[in-house]
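Asks: 3D, please:
(2 chains)
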Amino acid sequence: MERQPKRTLKSPSQLVSDWASDLSAFKVVWGKAMMWIFLLSDTFIFGSFIASYASARLAASATNSWPDPAKVFALELGGREVPLLLIAIMTVVLISSSGTMAIGVYHAYGRNKRMTALFLVITALLGLTFVSMQAFEWTHLIRDLGFRPWTNPMGAPQFGSSFFMLTGFHGLHVTIGVIYLTVVAVRVLKGVYDRGSYVGVEICGLYWHFVDLVWVFIFAFFYLF
Amino acid sequence: MEHTDHATGKGEQHQPIRIYIYVWVLLFVLSALSYLLDYFEVHPDWLRRFLITAFALIKSALIVAYFMHMRFERIGLVLAILLPPLLLMALVAIILPEGTYVSGVREFFFGR
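Replies: Model (predicted):
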């Protein structure tokens, strides 16, 4: 029996049946394609943030009032100011977490339950360390140095809004990532992926690597530039 | 079923763990180099900034290609994901003259 559409009117069911027909453009599981599309949209969000920061910093160039990040983020170590010390450690931690995530995904391909879970947990802990250091950084900047999103004692007031916007949004991503990693690790241990595929771990890995990717640009363009 | 291949990751299982370690070490080296460029305040400014940007682009390419497996995906997915971000170049092209203009206006009205 052939199924003929009864109504030619534009109805939601018609839309669904058209778009749900047996077509697929991307030959990957849907979750992976959707994660990539989400990350693409996130790329534009962070791209816009970095562009607005670039505009604010460029606008302060004639008055030469943009605070020097090397001085703002300096920490005292052994009686001497070391520039960007905490930021360098944070970068090392985040890159390490990306490496452990990659190894976790590697073990997920091999369907190795315990190793996958172990590396997911290590990744989550490194992510947690990163967020904690960022919280320390923010506390130091707000309480000790008097930085606010609308003003700061070291120069252009736009510095604060750019800084809190960029690192805050990135920190939010890391925090969500830690929760996501924990959930996936628990699902691995409960054997959810043993019944089907381990691709969920790979999708989670895509998100986590993206968080590291964003940090690469924040580190280069906000802190070092 | 074609999807089982991707679902179990059989196609990618052949990636040796070595690759991930290499990329990991490279990311550390490039980050350390970027940090040292800033630490020793390499002059001139444009050279330091050029190198920092170049290192960031190399690092991001490594992460996307190997950690996110873009090198091993089909071309349809690769183009769909990697081409659209090029539109951000348009945003940069708008932002740079705008920032320079605002800077000039501030200098004109407020002085140095």
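Asks: Burial check on B:Pro97, number of neighbours?
Replies: By the measure other CB atoms under 10 Å in any protein chain shown, the count of residues near B:Pro97 is 11. In this view, the C-beta of every residue, glycine as well, is placed from N, C-alpha and C.
Asks: With A:Leu118 instead?
Replies: For A:Leu118, using other CB under 10 Å, the count is 18.
Asks: shaky segments in chain A?
Replies: Counting by pLDDT under 70, the low-confidence segments of chain A come to A:1-10.
Asks: Which parts of it are strands?
Replies: With DSSP state E, the ranges of strands along chain A come out as A:75-77, A:80-82.
Asks: and these as JSON lines, adding mean neighbour count and distance to chain B?
Replies: JSON lines is the format used below for these (neighbours: other CB atoms under 10 Å in any protein chain shown; distance: least, CB to the nearest CB, whole Å):
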{"stretch": "strand A:75-77", "mean neighbour count": "11", "distance to chain B": "13"}
{"stretch": "strand A:80-82", "mean neighbour count": "11", "distance to chain B": "9"}
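Asks: Now the residue of chain A found nearest chain B: closest residue in space, sequence neighbours ignored.
Replies: Residue nearest to chain B within chain A (CB to the nearest CB): A:Leu58, separated by 2.8 Å. Spatially, and ignoring its direct neighbours in sequence, A:Leu58 is nearest to B:Gly99 (2.8 Å; CB to CB, 6 or more residues apart in numbering or on different chains).
Asks: check contacts around the one you found.
Replies: Contacts for B:Gly99 (CB atoms under 8 Å, 6 or more residues apart in numbering or on different chains) come out as A:54-59, A:61.
Asks: Tell me the residue of chain B that sits nearest chain A?
Replies: B:Gly99 (2.8 Å).
Asks: so that residue is in which element?
Replies: Assigned by DSSP states H and E, B:Gly99 falls within helix B:88-110.
Asks: Can I get that helix as PDB, trimmed to CA atoms?
Replies: Extracted as PDB, the C-alpha positions of helix B:88-110 are listed here (Å, rounded to 0.1, in the frame of the first residue of the first chain):
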ATOM      1  CA  LEU B  88      35.100  35.800  10.600                       C
ATOM      2  CA  MET B  89      37.700  37.400   8.300                       C
ATOM      3  CA  ALA B  90      34.900  39.800   7.200                       C
ATOM      4  CA  LEU B  91      34.300  40.700  10.900                       C
ATOM      5  CA  VAL B  92      38.000  41.400  11.400                       C
ATOM      6  CA  ALA B  93      38.000  43.500   8.200                       C
ATOM      7  CA  ILE B  94      35.200  45.700   9.600                       C
ATOM      8  CA  ILE B  95      36.700  45.900  13.200                       C
ATOM      9  CA  LEU B  96      40.200  46.900  12.400                       C
ATOM     10  CA  PRO B  97      39.400  50.200  10.500                       C
ATOM     11  CA  GLU B  98      36.700  50.900  13.000                       C
ATOM     12  CA  GLY B  99      39.000  50.600  16.000                       C
ATOM     13  CA  THR B 100      41.700  52.700  14.300                       C
ATOM     14  CA  TYR B 101      39.100  55.300  13.500                       C
ATOM     15  CA  VAL B 102      37.800  55.500  17.100                       C
ATOM     16  CA  SER B 103      41.400  55.700  18.300                       C
ATOM     17  CA  GLY B 104      42.000  58.700  16.000                       C
ATOM     18  CA  VAL B 105      38.800  60.400  17.200                       C
ATOM     19  CA  ARG B 106      39.900  60.000  20.800                       C
ATOM     20  CA  GLU B 107      43.300  61.400  20.000                       C
ATOM     21  CA  PHE B 108      41.700  64.400  18.200                       C
ATOM     22  CA  PHE B 109      39.300  65.300  21.000                       C
ATOM     23  CA  PHE B 110      41.100  64.200  24.200                       C
END
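Asks: List the buried residues of that helix.
Replies: Under the neighbour-count criterion of 16 or more other CB atoms under 10 Å in any protein chain shown, helix B:88-110 has B:88, B:91, B:95, B:99, B:102-103, B:106 buried.
Asks: Next: stretch A:155-173.
Replies: Buried residues in stretch A:155-173 (16+ other CB under 10 Å): A:156, A:158-164, A:166-167, A:170-171, A:173.
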